[in-house]
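Asks: need the 3D shape of this:
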Amino acid sequence: MEYELIDFKVRGDERGSLVALEGSSEIPFEIKRVYYIYGTKREVIRGRHSHRKLQQVIFCPQGSCDFILDDGKERQTIHLNRPNCGLYIKSNIWREFTNFSEDCVVMVLASEHYDEADYIRDYEKFKQEATVEFVAFDKEFLEASWKWLNMEPIKLLTNTPNFTKQQQIEWYNNLKKNKSYFIQGIKILNQPIGVYGLKNIKHDEAEYFGYIGEISFWGKGIGKLMLQKAYKEAQKRNLKKLYLTVLHSNQRALSLYSHFGFKENKKKSTNKLLFMELFL
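Replies: Just a heads-up that it's a prediction; the model follows:
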């Protein structure tokens, strides 16, 4: 689970103690927001959310409370009761806190400004996102892709041309030495559900592609996770632009791409396909 207990150095003398907290030094990120909670009754449960991006270091400078952390697979309870001990929580962890002492003060240092879009407040939605895995594209996904890309409406929405089993096998056998291709499979609870990646990688640009083959997982927010992974891969490769094509009629995908920041290049669009670009 992505958390850590950090003991910070206590300075002081006979007059008392002091703990100094500096962003990007004692605290493992730049501090963009600070808030604190006090006057909470013992039995109250606070938190009950996770963050997609935000990182936090949490202290009890006075009193004590329990933090319950959940990564979708296991739960752990951390008891905070020392003013120089910080709980460092990375993203994608569900958190709840309770069992407040009467004098408890909880102070939170955050890596980002407040952004409601960064919160997941529904536990089932969090659990689904937490169990999404991006893994190597292997023969299991090759077989699943044959099924997916020959299904309607997936074949239509992905604008996939007809292809033979032999052509697919030849493409797969050449995949490891094809430097213009990056592809990963997507699993939820060990079930293959889709594919995403970059193709036509050259110089400073690449084409994004991706689809969820198991229709029961449509509309669950997984498409956004795929785009985020592709974006990070593009940054790692120092690309300057991602582009894609999408059917005019594919409103679900159009909405997703637009919200992510892709803009239409009307000069390259056709009557059937929109050409969209995202500059990194």
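
Asks: who touches stretch 208-220?
Replies: Contact partners of stretch 208-220, identified using C-beta atoms under 8 Å, 6 or more residues apart in numbering, comprise 125, 128, 144-145, 147-149, 151, 154, 157-158, 186, 188, 191-199, 222-223, 226-227, 230, 242-244, 252. In this view, the C-beta of every residue, glycine as well, is placed from N, C-alpha and C.

Asks: filter those down to the buried ones.
Replies: 128, 144-145, 148-149, 154, 158, 186, 188, 192-198, 222-223, 226-227, 230, 242-244 (16 or more other C-beta atoms under 10 Å).

Asks: what's the burial count for the closest residue to residue 28 other than its chain neighbours?
Replies: Once flanking residues are discounted, residue 28 sits nearest to residue 88: 6.5 Å by C-beta to C-beta, 6 or more residues apart in numbering. Residue 88 sits with 17 neighbouring residues when counted by other C-beta atoms under 10 Å.

Asks: by mean pLDDT, point me to the weakest helix or strand of the protein.
Replies: helix 123-130 (a mean of 84; mean pLDDT, DSSP states H and E).

Asks: so which bits of that helix are buried?
Replies: 123, 126, 127, 128, 129, 130.

Asks: mind checking which of the contacts of stretch 208-220 land in helices?
Replies: In this view, the contacts of stretch 208-220 that belong to helices under DSSP state H are 125, 128, 144-145, 147-148, 154, 157, 222-223, 226-227, 230, 252.

Asks: just to be sure, the residue nearest to residue 28 is in a strand?
Replies: Yes. Counting by DSSP: H, G, I helix; E, B strand; the rest coil, one finds residue 88 located in a strand.

Asks: tell me the one among the buried residues of helix 123-130 nearest to residue 266.
Replies: Lowest distance from residue 266 to the buried residues of helix 123-130 (C-beta to C-beta) belongs to residue 129, with 34.2 Å.

Asks: from what I can see that closest one touches residue 92, true?
Replies: Yes. Using C-beta atoms under 8 Å as the test, residue 129 is close enough to residue 92 to be in contact (7.2 Å).

Asks: okay, and the common contacts of those two?
Replies: Residues touching both residue 129 and residue 92 (C-beta under 8 Å, 6+ apart) are residue 52.

Asks: and residue 227, how far from residue 176?
Replies: Applying C-beta to C-beta, to the nearest Å, the value for residue 227 to residue 176 is 25 Å.

Asks: so how many other residues sit close to residue 141?
Replies: For residue 141, using other C-beta under 10 Å, the count is 23.

Asks: sec struct for it, please.
Replies: helix.

Asks: packing partners for the strand or helix carrying residue 259?
Replies: Using DSSP states H and E, residue 259 sits within helix 251-260. In terms of contacts (3 or more C-beta pairs under 8 Å, 6 or more residues apart in numbering; DSSP states H and E), helix 251-260 is packed against helix 222-236, strand 241-247, strand 273-279.

Asks: how does it look with 7 Å?
Replies: The contact analysis (3 or more C-beta pairs under 7 Å, 6 or more residues apart in numbering; DSSP states H and E) places helix 251-260 against helix 222-236, strand 241-247.

Asks: how far out from the middle of the chain is the first one?
Replies: Read it as helix 222-236. 8 Å (C-alpha atoms, centre = their mean, to the nearest Å).

Asks: which outside residues touch it?
Replies: 129, 132, 134, 182, 186, 196, 198, 206, 208, 210, 212, 242, 256, 260, 280 (C-beta atoms under 7 Å, 6 or more residues apart in numbering).
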